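Asks: the following block contains a protein sequence and its predicted model.
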Amino acid sequence: MSAPRTLFDKLWDAHLVKAPTPATPGILYIDLHLIHEVTSPQAFAELRARNLTVRCPERTLATLDHSTPTTPFDDLGQPVYASEEAAAQVAELEKNCAQFGIRLNGWSSDHRGIVHVIGPELGATRPGMTIVCGDSHTSTHGAFGALAFGIGTTEVGHVLATQCLLQSKPKTLAIHVDGSLPRGTSAKDLVLHIIGKIGVNGGTGHVIEYRGAAISALTMEQRMTVCNMSIEAGARAGLIAPDQVTYDYLRGRPYAPQGEDWDKAVAEWNALRSDAGASYDREVHIDASQVRPTVTYGTHPGMVVALDAAVPAATSLQDRRALDYMRVEAGKPLTGMAVDVVFVGSCTNSRLSDLRDAADVLRGRKLAERVRMLVVPGSLAIKREAEQEGLDQVFRAAGAEWREPGCSMCIAMNGDLAQPGQLVVSTSNRNFEGRQGPGARTVLASPAVAAASAVAGCITDPQSLLQEQAA
Ligand SMILES: CC(C)[C@H](C(=O)O)[C@@H](O)C(=O)O
Ligand code: SF4
């Protein structure tokens, strides 16, 4: 009998065209190559310069997300670009896709949206695949039991030309999340808690497999939130073994197999789990019952604190600098800190359930006077579903802006940015200095905490808002 293998081993072995040697990386076959307008132009330019074609256009899927404005269209129904560069980048991807025969979810598509939202939504992301994209949050797709990771622009060119990628074999890290998440906590709180425990380099060189009862209990949207932020713990990728939750999500989606092919696929996917006795390079145990509503207080996603706990004292020069930048005082909790802007969106938390979580807090309430709130759905499909449920009305009635899909304020694109010194409570994944605008300060949070903070005008636990009302 062959030795027990982890889920990662199975995915790796199944796609290895050539095994790595001590001197050379391995060659991996790539099942799905996602592309967007920011990291693809040079790769296509390289193809043209070398007179190469795209090896598998049918395994390549493009979308517009980073450079597309999320403001309303003009009177002629056209997008209003924030800059000529943004418009040119979009035009370039449109041209490249047309020339090389690649499917593009462009302006006229019903499935336009953030690349890590539309892949799963279309059923293009499926268990057992290798998926790459010139984008670090490609780890999101690992929630389906796919080996998915970000690559650089040069590699985008390699994959376009060959459908293969040079890769050295990463190590494996099992994160067992035992028990169950307490009421009032979310997948975002869980992943912030995990990064707080293992640190921003805790996953470096590893592919994380999230396991355990608390992970099995998550919906697909919640699993995506967790895998999305694997990269913020330094990991190469995040993985969750597929199960009935995965199949229920995928069934009937546009690119999912149909009929007999579906049954065959599910039978194959059922084998995609780590064998009993398989060994990982490292293992970490997390007790889900310890997770509380959690936010970041510093300038990287590992500087996290529970809302009801005090910000820890700085132990390094770097930490002190982060506290100064954030204007945060050690020894006190973050609750009560004044908020200027709230952003609900990004590939971490812009799916329907995230919008519902935010709307549940906002329903019948108004934003605090000085707070600006942007709600940016992850895709056009999500926008439409949310509108069907009347969520847009909840946001608008509260005083929030309801936008077109895109990356938006996650990365301060297209004029969606905060002013110097402003404090943003954001459902995105990165809180680096200036990420949401020069001098802007970012507190990463769940959609519920973000919405509660918008209502209170200061960082707030949604539970305290609800209790206030009950009292
Ligand atoms: C623009 C892109 C290269 C970048 C990434 O790789 O992650 C962006 O999506 C981000 O979130 O910072
Ligand atoms: S939403 Fe943010 S993190 Fe996600 S791909 Fe866009 S810019 Fe990157």
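Replies: Arrived safely. Ligands and ions are numbered 1, 2, ... in the order given.

Asks: from here on, just use CA atoms for contacts and neighbour counts.
Replies: Will do.

Asks: which strands and helices lie in contact with the longest strand seen in the chain?
Replies: With DSSP state E applied, the strand covering the greatest number of residues in the chain is identified as strand 171-178. Using 3 or more CA pairs under 8 Å, 6 or more residues apart in numbering; DSSP states H and E, the elements in contact with strand 171-178 are strand 206-211, helix 213-216, strand 282-287.

Asks: pick the most buried one from the ones you listed.
Replies: Of all the helices and strands packed on strand 171-178, strand 206-211 carries the top mean neighbour count, a mean of 25, counting by mean count of other CA atoms under 10 Å.

Asks: quick revisit: tilt between the longest strand of the chain and strand 206-211?
Replies: Comparing the axes of strand 171-178 and strand 206-211 via axes from the mean of the first three to the mean of the last three CA atoms, to 10 degrees yields an angle of 20 degrees.

Asks: which is the succeeding secondary structure element to strand 171-178?
Replies: helix 187-198 (DSSP states H and E).

Asks: chain center to that following helix: distance?
Replies: Remark: helix 187-198 is offset 14 Å from the chain centroid, using CA atoms, centre = their mean, to the nearest Å.

Asks: by contact count, what packs against that helix?
Replies: Contact analysis of helix 187-198 by 3+ CA pairs under 8 Å, 6+ apart lists helix 220-228, strand 294-296, strand 304-306 as its packing neighbours.

Asks: who's in contact with the longest strand of the chain?
Replies: 8, 203, 205-215, 280-288 (CA atoms under 8 Å, 6 or more residues apart in numbering).

Asks: and ligand 1, which of the helices and strands packed on strand 171-178 is closest to it?
Replies: Closest to ligand 1 of the helices and strands packed on strand 171-178 is strand 206-211 (CA to the nearest ligand atom; 17.3 Å).

Asks: other SSEs contacting the closest one?
Replies: For strand 206-211, the contact count by 3+ CA pairs under 8 Å, 6+ apart identifies helix 7-15, strand 171-178, strand 237-239 as packing neighbours.

Asks: if we go to 10 Å?
Replies: Contact here means 3 or more CA pairs under 10 Å, 6 or more residues apart in numbering; DSSP states H and E; on that basis strand 206-211 packs against helix 7-15, strand 147-150, strand 171-178, helix 220-228, strand 237-239, strand 282-287.

Asks: follow-up on the earlier one: which one of the helices and strands packed on helix 187-198 lies nearest to ligand 1?
Replies: Go through the helices and strands packed on helix 187-198 one by one with CA to the nearest ligand atom and the one that ends up closest to ligand 1 is helix 220-228, at 10.4 Å.

Asks: close to ligand 2: what parts of the chain are there?
Replies: Along the chain, the residues adjacent to ligand 2 under the rule CA under 6 Å from any ligand atom are His66, His137, Ser346, Cys347, Cys407, Cys410, Ile411.

Asks: format the helices and strands packed on helix 187-198 as a markdown table; extra columns: mean neighbour count and distance to ligand 1.
Replies: Compiled in a markdown table, those are given as follows (neighbours: other CA atoms under 10 Å; distance: least, CA to the nearest ligand atom, whole Å):
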| stretch | mean neighbour count | distance to ligand 1 |
| --- | --- | --- |
| helix 220-228 | 27 | 10 |
| strand 294-296 | 27 | 17 |
| strand 304-306 | 23 | 19 |
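
Asks: how about these in TSV, adding mean pLDDT?
Replies: Below are the helices and strands packed on helix 187-198 laid out as TSV (pLDDT from 0 to 100):
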stretch	mean pLDDT
helix 220-228	99
strand 294-296	98
strand 304-306	98
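
Asks: kindly reformat those as CSV containing distance to Gly336.
Replies: As requested, those are arranged in CSV below (distance: least, CA to CA, whole Å):
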stretch, distance to Gly336
helix 220-228, 26
strand 294-296, 13
strand 304-306, 13
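
Asks: wait, which of the ones you listed is closest to Leu352?
Replies: With CA to CA, the closest approach to Leu352 among these belongs to helix 220-228: 8.4 Å.

Asks: CA atoms of that closest one as PDB?
Replies: In PDB, the C-alpha atoms belonging to helix 220-228 read as follows (Å, rounded to 0.1, in the frame of the first residue of the first chain):
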ATOM      1  CA  MET A 220     -18.300  28.100   1.200                       C
ATOM      2  CA  GLU A 221     -18.400  31.900   1.400                       C
ATOM      3  CA  GLN A 222     -16.900  31.800   4.900                       C
ATOM      4  CA  ARG A 223     -14.300  29.200   3.800                       C
ATOM      5  CA  MET A 224     -13.300  31.600   1.000                       C
ATOM      6  CA  THR A 225     -12.800  34.400   3.600                       C
ATOM      7  CA  VAL A 226     -10.500  32.200   5.600                       C
ATOM      8  CA  CYS A 227      -8.400  30.900   2.600                       C
ATOM      9  CA  ASN A 228      -8.300  34.400   1.100                       C
END
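
Asks: what's the spacing between it and its chain's center?
Replies: Averaging C-alpha positions (CA atoms, centre = their mean) puts helix 220-228 7 Å from its chain's average.

Asks: next: stretch 169-181.
Replies: Shown here is stretch 169-181, whose average C-alpha point lies 18 Å from the average C-alpha point of the whole chain (CA atoms, centre = their mean).

Asks: got it, and stretch 347-360?
Replies: With CA atoms, centre = their mean as the basis, stretch 347-360 stands 12 Å off its chain's centre.

Asks: next one: stretch 319-327
Replies: Worked out by CA atoms, centre = their mean, stretch 319-327 lies 26 Å from the chain centre.

Asks: pull out the buried positions in that stretch.
Replies: Of the residues in stretch 319-327, those scored as buried under the neighbour-count criterion (16 or more other CA atoms under 10 Å) are Asp319, Arg320, Ala322, Leu323, Tyr325, Met326.

Asks: closest point of the stretch 51-200 of the chain to ligand 1, which residue?
Replies: Asp135 (3.4 Å).

Asks: so which elements touch the host helix or strand of Gln99?
Replies: Secondary structure from DSSP H and E places Gln99 in helix 84-100. Applying 3+ CA pairs under 10 Å, 6+ apart, one finds that helix 84-100 makes contact with helix 41-49, strand 60-63, strand 103-105.

Asks: that helix versus helix 41-49: what angle between them?
Replies: 40 degrees.

Asks: centre of the chain to helix 84-100, how far?
Replies: 24 Å.

Asks: thinking again about what came up before, okay, the buried residues of stretch 319-327 in TSV with pLDDT, distance to ligand 1 and secondary structure next?
Replies: Written out in TSV, the entries for the buried residues of stretch 319-327 read as follows (pLDDT from 0 to 100; distance: CA to the nearest ligand atom, whole Å; DSSP: H, G, I helix; E, B strand; the rest coil):
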residue	pLDDT	distance to ligand 1	secondary structure
Asp319	97	22	helix
Arg320	98	24	helix
Ala322	98	19	helix
Leu323	98	22	helix
Tyr325	98	20	helix
Met326	98	20	helix
